[in-house]
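**Q** Generate a structure from the sequence data that follows.
(chains A, B, C and D)
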Protein chains: 4
Amino acid sequence: MHFFSDNATPVCPAVMAAIAAADRADHGYDGDGWSARLDGAFSDLFETPVRALWLATGTAANSIALATLCPPYGGVICHEEAHILIDECGAPGFFTHGATLMPLPGDGAKLTPDSVTARLRMIRPDVHQSPARAISITNATEYGRAYTPAEVAALGDIAKGHGLGFHMDGARFANAVAHLGCTPADITWRAGVDALSFGCVKNGGMVGEALLFFGDAAPARAADAARWRKRSGHLFSKGRYLAAQILAMIEGDLWLRNAHAANGAAQALAASVAERLLHPVEANELFVRLTADEAARLRAQGFDFYDWGDGAARLVTNWSQDAQSVAPLAQALKALDHG
Amino acid sequence: MHFFSDNATPVCPAVMAAIAAADRADHGYDGDGWSARLDGAFSDLFETPVRALWLATGTAANSIALATLCPPYGGVICHEEAHILIDECGAPGFFTHGATLMPLPGDGAKLTPDSVTARLRMIRPDVHQSPARAISITNATEYGRAYTPAEVAALGDIAKGHGLGFHMDGARFANAVAHLGCTPADITWRAGVDALSFGCVKNGGMVGEALLFFGDAAPARAADAARWRKRSGHLFSKGRYLAAQILAMIEGDLWLRNAHAANGAAQALAASVAERLLHPVEANELFVRLTADEAARLRAQGFDFYDWGDGAARLVTNWSQDAQSVAPLAQALKALDHG
Amino acid sequence: MHFFSDNATPVCPAVMAAIAAADRADHGYDGDGWSARLDGAFSDLFETPVRALWLATGTAANSIALATLCPPYGGVICHEEAHILIDECGAPGFFTHGATLMPLPGDGAKLTPDSVTARLRMIRPDVHQSPARAISITNATEYGRAYTPAEVAALGDIAKGHGLGFHMDGARFANAVAHLGCTPADITWRAGVDALSFGCVKNGGMVGEALLFFGDAAPARAADAARWRKRSGHLFSKGRYLAAQILAMIEGDLWLRNAHAANGAAQALAASVAERLLHPVEANELFVRLTADEAARLRAQGFDFYDWGDGAARLVTNWSQDAQSVAPLAQALKALDHG
Amino acid sequence: MHFFSDNATPVCPAVMAAIAAADRADHGYDGDGWSARLDGAFSDLFETPVRALWLATGTAANSIALATLCPPYGGVICHEEAHILIDECGAPGFFTHGATLMPLPGDGAKLTPDSVTARLRMIRPDVHQSPARAISITNATEYGRAYTPAEVAALGDIAKGHGLGFHMDGARFANAVAHLGCTPADITWRAGVDALSFGCVKNGGMVGEALLFFGDAAPARAADAARWRKRSGHLFSKGRYLAAQILAMIEGDLWLRNAHAANGAAQALAASVAERLLHPVEANELFVRLTADEAARLRAQGFDFYDWGDGAARLVTNWSQDAQSVAPLAQALKALDHG
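**A** The predicted structure is shown next:
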């Protein structure tokens, strides 16, 4: 049973069905009927006018978002363990033409208003120092924590006050919303977010994430993003197959149901290893203390996962699981301590 | 009936079946079993060791190929109507970090040894002028012409003699091979080509082209390309779905059968409008003289296609057609002159 | 006697004196008293509010100007023999992050309204094609021709009508103004020019050109340019030595006197080789038919110059010459035909 | 009396004389006689074959050095207060096309072998993470500390062992050498350094730093650097005036005498404020505890300097001073405590 990544899972049947249903001739690129429905579908979901573009990957969505928010000479404040900094091989630097990521520490891979404000105060307003021009957070974070609406809004206020763009990497946005029980609007535009990378692939899609823009600047930023999409080789010839997947995810709340399933599985596992947890479990990731010997024992029973440095491991649950289906692992984890 | 682009067609059933067959858990990115088979499958097809990467689009494949062949201060010799120059919104400039495309005229969108040699002679070998570092050709060309093995080799000799990389944009490579009746090797590495963008999507795929490297430098270039792929957001989380499509295309010669079908359809149409042809028909595109009035008459009968400036039109056939299925358009075209 | 370039000349005594006069302690970068006077001095000269930055070279001034006018995915219409395209090793591509130069032919290295309009019409307004965003001309041109105020204004009208920025490479701006007898304003902002690279080095300076912005957008563009200047390593530690040179050139009309001297020398030479001229002589460059044998004879008499392809040569006069001082060459040229 | 920066000083008379001596016609760019002597002069000084290029600024020299050592997808390990990270408005990101600076903490703005090794161990060798490709240190550091030959060599060994390029920002290289009493070779190529930004302007020059390459790769890197120099607008039309300054600095050991003078002045000041020093004084910078009130008192006496955060100040001495000439400030500093 795979717990090393939500990337490992197959495609959700409803998404596969949507792909099959899109398998007819239509205009190329984003000139098709499915792509044309994206703005509307996301506007409904977020209760505000939204501009939406499909993109292949979260890396592309994040990087293009930042390219619309930050000039080449500017800086983007982010967490020191942010995916954009650590795991994208410099993609933000590529798309922004060299903007500087400005890393900050913080528990649970979260930025705090204090750390951001202190960082901003360090920058002299002359041409020698890169000015901060955007803040980027990940929700749920790289440690599976969810920023609450109030936490997002506090950062949004700082962004607004300093004229910074505000981006959210939502590779696991659904898991955050499912945990928080809020509306998608509550942790995005209502809290000051300008651009959201809305993840689909980890949540049951095959290929295709959505990049969303909110607010008055949305049309201009989306037009820019459309240029970056083409220019970076991301304008698919048959984009309808991506748009169809994304619509299947959001038009019937599949995205939320899938996230609830994955989160539920994570909670079931968390309950079985409460004392080993390195971070509270709020989404679909668990970080647990685990010796090499214990890890070997679990793997011998057929459970796959990543080591997380020495003496720890990361377990990721996914849309295809639930509390019941992960019971064997929960059992095995419990057995480590009480077996 | 659509003749405006081979992008408009649905996915070939065999490719769709391959996607379904790949719908199981496996490692993410390109760590899966399908991706692992690409090098071998292409090495068999090209009768030489090949390094192959899946990519989302031809634009990405072309641009990453050029980024491995040409430094930022260098130049790429190409035709003045090359897709890389005209229809990719500057993607090669993005991926190469500003390399200069050096356009040349030429019949049928073909470069000739004479024009390339003359262009090379114009460049002073000092730091003020960008040195040419690569040649890029499209086969079949933007006007549906096929470079023969001898024509490619003549350019390959120049490339080798001047230390230039040699790239082929093969968005319609299959159509060229089908027309020429040669082996894939004959118009690529045997003729000096270093990197090939091997098109699949226009030929029946959903998403996924292949970028191939030949020769001694292939491993180093492929390793570089893998970095560019990640860095440009093209390393899909679930790459197995792309790899599976590409394998389905090449492992059973589907790519060639599909191209023969499209080419056959084009020949059937060509026969019906021989006197109106602006270019010999060798692949799956026809460029025909057509007045606005004639175009309107055809569209009224349900035939879609692009205008090609004033008084001309482009008709593109595809894998799902053949001589028989396009007979209605052939009839309608004939009727323009003799109706 | 050197006629191969106006770069070869020593520094004009008045400029050298200004450097010596600036040799005192002051704030670094552009925080000094000389730099602070640039805006005012150029505003006086151009009879309108101007924002001015010193830069090291014409290449830097041109490239930074274009970076403020054109996004990475855009295009810059220029002549096919423009310095920015041919002789800057891709610098505009570097500073604009890959924008596309869109070359056009034209007599005397001049763009015409017809050619520009025709080029603009060729661009489809979709994301596949790079949109033109700027026009760049050189005045005096690469063939020593001067665009008249009316010619500039005709292009300025097109720029304005299409929302394009308008840049003038004025490496030999002084020579153009000296020839035309107009005001600097007449061939710049009054004719629609947004940004001017104002050359000093060829005209008697040591190091330091000025980049000027006109119009309502000038403050924002100059602020951007100041960022590019720092970011490209062009913000000199002791900028006062550059500012002092530029001020010395313009505050007493030295720039115009020097240009008149160089132009006068060119006219004297032109009169001696009227039948050999490939282009009318309007600034300080002559392009003359000259066999290899004739060239050798001149060089044997101590005259240096560049060959200009087969059977032609380029002669450049400079600020340190005048009609009288170049009489020996005039004599030698005349002797070729009548000797 | 200015102590805010060594940029504020006038030009050293010997350098000014060299400029005057270069004021004759010669070939443009770097085709002149002075530029031709640079390689030889630096090879003599460093006792090994050196390739040397003049450049306008330290920012340009640093950035071009890094561009030759690190690919766009790579990373450069540096101190978290390094000039390249903090004070160049992202120039390294511009020249390297987006490479990632990897900051580390460390006393006195120094990297240590332990911190570098630990950082390298954190990087997974897959395409998701940027690989480190270079180490960059500043000597003397941003806090006026000098890396000893042994300290540099320890880092050089790590660089060599991991296949990393090794760059030294030597804006105040002369001050470090003067302090250490070693040869220039000892803290550069003998300790594994591949590229050195050799500062001149702070040490008495007007405009012009030197970028030096050592070792077998020097010719290829210098050729690359020459392309970057042109492409970034740094190839001056009249480069002889820069080359002449640099030659004047190094051919008679002026660089070392000037540094000794500045260092001597710094030591004299250090002796007067020993208990207030935040860092040992080894070069020409002092960082001292100073209340706002004390700072005001000093400024009232005519001493200029920068505040360094709250409660501290930075004092910089320069080539035009010595222990005697700064006695008034030494006196004033002493009087703060004992006055």
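**Q** Pretty sure residue A:65 sits against residue A:197.
**A** Yes: Residue A:65 is within contact range of residue A:197, at 6.1 Å (criterion: C-beta atoms under 8 Å). To be clear about C-beta, it is placed using only N, CA and C from the backbone, and glycine gets the same treatment.
**Q** And for the residue of the stretch 101-250 of chain A found nearest chain B, the neighbour number?
**A** Residue nearest to chain B within the stretch 101-250 of chain A: residue A:233 (3.0 Å; C-beta to the nearest C-beta). Residue neighbour count, defined by other C-beta atoms under 10 Å in any protein chain shown, stands at 30 for residue A:233.
**Q** hang on, it packs against residue B:67?
**A** No: in this structure, residue A:233 is not within contact of residue B:67 by C-beta under 8 Å, at 11.0 Å.
**Q** what touches both of those two?
**A** Here residue A:233 and residue B:67 have residue B:95 as joint contacts, going by C-beta atoms under 8 Å, 6 or more residues apart in numbering or on different chains.
**Q** that older thread, what residues do residue A:65 and residue A:197 have in common as contacts?
**A** Common neighbours of residue A:65 and residue A:197 (C-beta under 8 Å, 6+ apart) are A:167, A:211.
**Q** near chain C, which residues of the stretch 151-300 of chain A show up?
**A** By the rule C-beta under 8 Å from any C-beta of the partner chain, the part of the stretch 151-300 of chain A lying against chain C is A:226-231, A:235.
**Q** Now with 10 Å, please.
**A** Residues of the stretch 151-300 of chain A lying close to chain C (C-beta under 10 Å from any C-beta of the partner chain) are A:223-224, A:226-232, A:235.
**Q** Between which two of these is the distance greatest?
**A** A:223 and A:232 (15.3 Å; C-beta to C-beta).
**Q** So between the two, which is more surrounded?
**A** residue A:232 (30 against 13).
**Q** Sitting in helices, which of the residues of the stretch 151-300 of chain A next to chain C do you find?
**A** Assigned to helices by DSSP state H, the following of these qualify: A:223-224, A:226-231.
**Q** Got a quick PyMOL command for the buried subset of those residues?
**A** To isolate the buried ones among those in PyMOL, judged by 16 or more other C-beta atoms under 10 Å in any protein chain shown, type:
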select buried, chain A and resi 224+226+227+228+229+230+231
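**Q** can you tell me the helix or strand for residue A:151?
**A** Assigning secondary structure by DSSP states H and E places residue A:151 in helix A:149-162.
**Q** wait, I meant residue A:196
**A** Assessed by DSSP H and E, residue A:196 sits inside strand A:195-198.
**Q** buried ones in the helix ranked longest in chain A?
**A** Scanning chain A for the longest helix, with DSSP H as the assignment, gives helix A:254-272. Within helix A:254-272, the residues scored as buried using 16+ other C-beta under 10 Å are A:254-270, A:272.
**Q** Tell me which other helices or strands that helix touches.
**A** Helix A:254-272 is packed against helix A:13-21, helix A:173-180, helix A:240-251, strand A:285-289, strand A:312-316, helix A:327-338, with contacts defined by 3 or more C-beta pairs under 10 Å, 6 or more residues apart in numbering or on different chains; DSSP states H and E.
**Q** Mind checking those for the one nearest to residue C:215?
**A** Among the helices and strands packed on helix A:254-272, the nearest to residue C:215 by C-beta to C-beta is helix A:240-251 (42.2 Å).
**Q** Check the average confidence over the closest one, would you?
**A** Regarding helix A:240-251, the rounded mean pLDDT is 97.
**Q** so, in contact with chain B or not, that helix?
**A** Yes: applying C-beta under 10 Å from any C-beta, one finds helix A:240-251 touching chain B at A:240-242.
**Q** Would you map the helices across the stretch 51-200 of chain A?
**A** Ranges of helices within the stretch 51-200 of chain A are A:58-69, A:83-86, A:91-95, A:113-121, A:149-162, A:173-180, based on DSSP state H, counting those that start in this stretch.
**Q** Of all those helices, which one is nearest residue C:135?
**A** helix A:58-69 (25.5 Å).
**Q** okay, the closest one in CSV with CA atoms only?
**A** The C-alpha trace of helix A:58-69 is given here as CSV (Å, rounded to 0.1, in the frame of the first residue of the first chain):
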residue,chain,number,x,y,z
GLY,A,58,1.8,23.1,-9.8
THR,A,59,5.4,24.3,-10.5
ALA,A,60,4.1,26.0,-13.6
ALA,A,61,1.1,27.5,-11.8
ASN,A,62,3.2,28.8,-9.0
SER,A,63,5.9,30.2,-11.2
ILE,A,64,3.5,31.9,-13.6
ALA,A,65,1.6,33.4,-10.7
LEU,A,66,4.8,34.8,-9.3
ALA,A,67,5.8,36.1,-12.7
THR,A,68,2.6,38.2,-12.8
LEU,A,69,3.2,39.5,-9.3
